[in-house]
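**Q** turn this into a model:
(one chain, ligands or ions: 1)
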Amino acid sequence: MIELIHTSEPGDSNIAARIAQLARESRRGNRAAGLTGLLIFDGWRCCEYLEGEAEALDRRLGLLAADPALGSVTVRHRAPLALPERRFHGWSLSFAEPAGPHSLDALFANLGPACIVHLLALMPWLDSAPGGVGV
Ligand SMILES: Cc1cc2nc3c(=O)[nH]c(=O)nc-3n(C[C@H](O)[C@H](O)[C@H](O)COP(=O)(O)O)c2cc1C
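**A** Here you go, the predicted structure:
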């Protein structure tokens, strides 16, 4: 089991209107691929945490990197998941936006395991969008 964090800056001004729906639509593909995770959108930037088998993750990453909707994708962390179970067990793709002054700045400024620390620190400050929670 591998965990991965990637970031992207879509650069498409329509993304804000579409991103929650996109996340909902992504759940089917993630369920089929055995992926679970969380997509965070701060108004213009995206950060996604995904966990699953290496092959499924790499296939998804290839598709995301080729999707013009994302712009350029930066993989910030990729490592074996050193936990007895998934962080997002049962969540094929949760979706949330950071509340108040909390932002994705720290995630965009780091690489490696520090990104997991920043992601976990951000979790209490995430507002779930309508339809954002669930499997
Ligand atoms: C930031 C971002 C993250 C995404 N993450 C996923 C994902 O985890 N799984 C997924 O199936 N699609 C994800 N998508 C959507 C895919 O890029 C793509 O639109 C979707 O797989 C539909 O592709 P299809 O029309 O070829 O079926 C994401 C899109 C964006 C903009």
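
**Q** how many neighbours does Pro101 have?
**A** 7 (other C-beta atoms under 10 Å). The way it works is simple: take the backbone N, C-alpha and C, and place the C-beta from them, glycine included.

**Q** doesn't it belong to a helix?
**A** No: under DSSP: H, G, I helix; E, B strand; the rest coil, Pro101 sits outside any helix and is assigned coil.

**Q** kindly report the residues of this protein close to the ligand.
**A** 8, 22, 26, 29-30, 39, 46, 48, 50, 60, 64, 67, 69-70, 93 (C-beta under 6 Å from any ligand atom).

**Q** nearest to Arg86, of those?
**A** Leu50 (10.3 Å; C-beta to C-beta).

**Q** neighbours of the closest one, how many?
**A** Neighbour number of Leu50 under other C-beta under 10 Å is 24.

**Q** now do the SS call for it.
**A** With three-state DSSP as the criterion, Leu50 reads strand.

**Q** without its sequence neighbours, what residue ends up closest to it?
**A** Closest residue to Leu50 apart from its sequence neighbours, by C-beta to C-beta, 6 or more residues apart in numbering: Gly37 at 4.0 Å.

**Q** which strands and helices sit next to the helix or strand where that neighbour lies?
**A** If you go by DSSP states H and E, Gly37 is part of strand 36-41. Secondary structure elements in contact with strand 36-41, counted by 3 or more C-beta pairs under 8 Å, 6 or more residues apart in numbering; DSSP states H and E, are helix 15-33, strand 46-52, strand 94-98.
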